[in-house]
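below are the sequence and a predicted model; questions follow.
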Amino acid sequence: MKKIYNLFVLTACLGFFFTACKKFDDLETYQNGKAVTLKASSDQVAPPASDSDNVVLTLDWTDPQYATDKANYKFVIEIAEKGKEFANASQTVVLGAYKKEFTGRELNNILSGFGYLYDEPHDMEVRVVSSYKNNNERYFSNVLGINMTAYKGPSTSIDATTMNIIGDAAKGWDTDVPMNLIGVKKFAVVTEMQYGKEFKIRRDAGSWDFNWGMADDATFEFGKPISLKLGGANFKIPDGGVSGLFQILVDIDNSTLIITPLAGTMNIIGDAGVDWNTDIPMAHDGNGTFTIVTDLQDKEMKFRETAGSWDVNWGLSDGEVFEVGKTFQIKRDGGNIKIPAAGRYKVVLNLGLNSATITESSFPETLFLVGGGVPAGWDPANSAPFVKLEDGKFRIYTPITANGEFKFLQTQSWDGDWGDNKTQPGVLEQNDEQNCKVVDEGFYRIDCDFIAGTWTALRQEWGIIGSSTPNGWNDDTPMVKSGDYSWTYTGALTQGEIKFRANHDWGFNFGDNNADGSLEADGANIAIPEDANYEVVMTLSPGGYTYTVTKL
């Protein structure tokens, strides 16, 4: 009986064990997303004006199957002229949905953005670019061809390839400030504006036929889109000081204006630079263009105005694809910029064009001066060497003729020569550059800073100063130019000390630290042993900086 009972208990336990153990399916794994398949409600759309508020075109697409909730899916609908490979495409952003219904008005605004007028049929191409909300993992859908025709309306009747700022907030109500065309009916400018004063925008300089102001229900807020109205009220910049530098963006198709006060500073931030807590400052030309040559890692970066603050920052604009060496549009609070490979790059941010360019760069190890306006002439073999101050920074002293032109060579050949940017004078340029030039004849100090990406030419008049000179330590006693690189003083000196100084400015002075006849910037005073007449010659040649003091 006991054996039977034990057998019964064992059987019951085994039954419970196999009943309790349940086989689960394999754990779910996430795969990469995929390009969506796009469909349209029609391949021909020509709505009448009466359908401006009605749906006239529906686009829907499949699930891209990203490894996240669909609320984090981002879709950019691109519409462009057929055969243009989606250059200057209009872009409509959809988040977390697989369909977009376009009203007649929306479609009309898109067509007007291409400069199309009403009753003109155009063959267009449509695609959807899918990605995560942060623009990662982008895929392009199939391309649909759709024939589209705009109806007559304000946006399809007014063309705009020019735009101007007008008003006492700018240069007065009689002087237009031209804006830069940066896209179809899109404009940008960086300009000085007055606080507490008013302005408008108008298409044609000197004409009020087409002008825009604030929409009736619009609110003025820095850095935010302000609705436009044809013939609307004046914009008024709030009180906040006397004047400042502002970026102004105008989008006629979307009827918006954005005005942003600029601090005059800009930084690279991100682990492509150092990290997301360390800013790399850029050099400013004073007109909204910021430049730097720096090492970047194959990681991500953005631009932000003030070190340590995300209040005002720029990134990649929606729908833009970053490529090294190509200009791309930027956007406030835009996407991260992914650097494809570690290396040294020249980074230029131009808020006047609302764009940026990142190109590969390297500091030359040596630098030479050549040109028709300098002693070397245009023969690279005769080019004069710069003095290397530090990695990426070079200096030379040289005479330059009136309207003299010159360039910079990395070696004594034309390979990899540098010149001046065609649109931003003073910016070093290696591709499609022009000759550097100064207007006035004189003796110049030329500095090339490849870190900031700039060059400067400062005209100088040299003199002697010190207790031995007629003017003492109070002011320079002029020297006379004598030869290409030399300056001479001939006259009486008393026992005491002298130094060499340019432009009555202690920022430019030479002394002699070792009393050996060679000159050093900010060097020690030079002794004059006794009262007498002397010839003092200072030479700032490419071969070295020297002086002589000869008793006559």
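Structure received.

please count neighbours and contacts with C-alpha atoms only from this point.
Fine.

quick one, strands of the stretch 201-350 of the chain?
211-214, 226-230, 235-236, 243-251, 256-261, 267-269, 280-281, 283-284, 289-296, 300-304, 313-316, 328-332, 337-338, 343-350 (DSSP state E, counting those that start in this stretch).

I'd like to know which of those is closest to Asn136.
Across the strands of the stretch 201-350 of the chain, Asn136 has its closest neighbour in strand 337-338 (10.1 Å, Cα to Cα).

ok, the closest one: who's next to it in the sheet?
Strands adjacent to strand 337-338 in the sheet, as given by DSSP bridges, are strand 300-304 (antiparallel).

can the strands of the stretch 201-350 of the chain go into CSV with extra columns for distance to Asp522, mean pLDDT and mean neighbour count?
Formatted as CSV, the strands of the stretch 201-350 of the chain follow (distance: least, Cα to Cα, whole Å; pLDDT from 0 to 100; neighbours: other Cα atoms under 10 Å):
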stretch, distance to Asp522, mean pLDDT, mean neighbour count
strand 211-214, 56, 92, 23
strand 226-230, 54, 88, 21
strand 235-236, 51, 96, 20
strand 243-251, 36, 95, 21
strand 256-261, 40, 95, 20
strand 267-269, 32, 97, 24
strand 280-281, 28, 94, 18
strand 283-284, 26, 87, 18
strand 289-296, 28, 89, 22
strand 300-304, 37, 97, 24
strand 313-316, 41, 96, 23
strand 328-332, 44, 94, 20
strand 337-338, 43, 97, 20
strand 343-350, 32, 91, 20
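
can you add distance to Pro385 and give these back as TSV?
Formatted as TSV, the strands of the stretch 201-350 of the chain follow (distance: least, Cα to Cα, whole Å):
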stretch	distance to Pro385
strand 211-214	55
strand 226-230	54
strand 235-236	54
strand 243-251	39
strand 256-261	43
strand 267-269	33
strand 280-281	30
strand 283-284	26
strand 289-296	22
strand 300-304	36
strand 313-316	40
strand 328-332	37
strand 337-338	38
strand 343-350	24
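
which residues of the protein fall in helices?
2-20, 104-113, 154-157 (DSSP state H).

just give me the lowest mean pLDDT stretch among those helices.
When these are ranked by mean pLDDT, helix 2-20 comes last with a mean of 44.

picking that back up, indicate which one of the strands of the stretch 201-350 of the chain is closest to Phe508.
Closest approach to Phe508 among those (Cα to Cα): strand 283-284, 22.2 Å.

now do the longest strand along the chain: which elements does it pack against?
The longest strand of the chain (DSSP state E) is strand 121-132. Packing partners of strand 121-132 (3 or more Cα pairs under 8 Å, 6 or more residues apart in numbering; DSSP states H and E): strand 73-81, strand 139-140, strand 144-149.

of those strands, which stretch is the most buried?
With neighbours defined as mean count of other Cα atoms under 10 Å, the helices and strands packed on strand 121-132 peak in mean count at strand 73-81, which reaches a mean of 23.

so what touches that strand?
66, 86-97, 122-133, 135, 318-319 (Cα atoms under 8 Å, 6 or more residues apart in numbering).

mind listing the residues bridging to the most centrally placed residue in the chain?
By Cα atoms, centre = their mean, the chain has its centre lying nearest to Leu349, at 0.8 Å. Following DSSP bridges, Leu349 is listed with bridge partners Phe290, Ala356.

where's Asp43 relative to Gly145, distance?
7 Å (Cα to Cα, to the nearest Å).

Glu125 against Met148, yeah?
No - the criterion here is Cα atoms under 8 Å, and Glu125 misses it with Met148 at 9.8 Å.

and the pLDDT for the nearest residue to Asp449 once chain neighbours are set aside?
Spatial nearest neighbour of Asp449, excluding adjacent residues (Cα to Cα, 6 or more residues apart in numbering): Lys393 at 4.6 Å. Note for Lys393: predicted pLDDT of 93.

once you drop chain neighbours, what's closest to Phe322?
Using Cα to Cα, 6+ apart, the nearest residue to Phe322 is Phe328, at 6.5 Å.

list the contacts for that neighbour?
Taking Cα under 8 Å, 6+ apart as the test, what Phe328 contacts is Leu316, Ser317, Glu320, Val321, Phe322, Ser355, Ala356, Thr357.

which one of those residues sits closest to Lys481?
Looking across the contacts of Phe328 and measuring by Cα to Cα, the closest to Lys481 is Thr357, at 43.2 Å.
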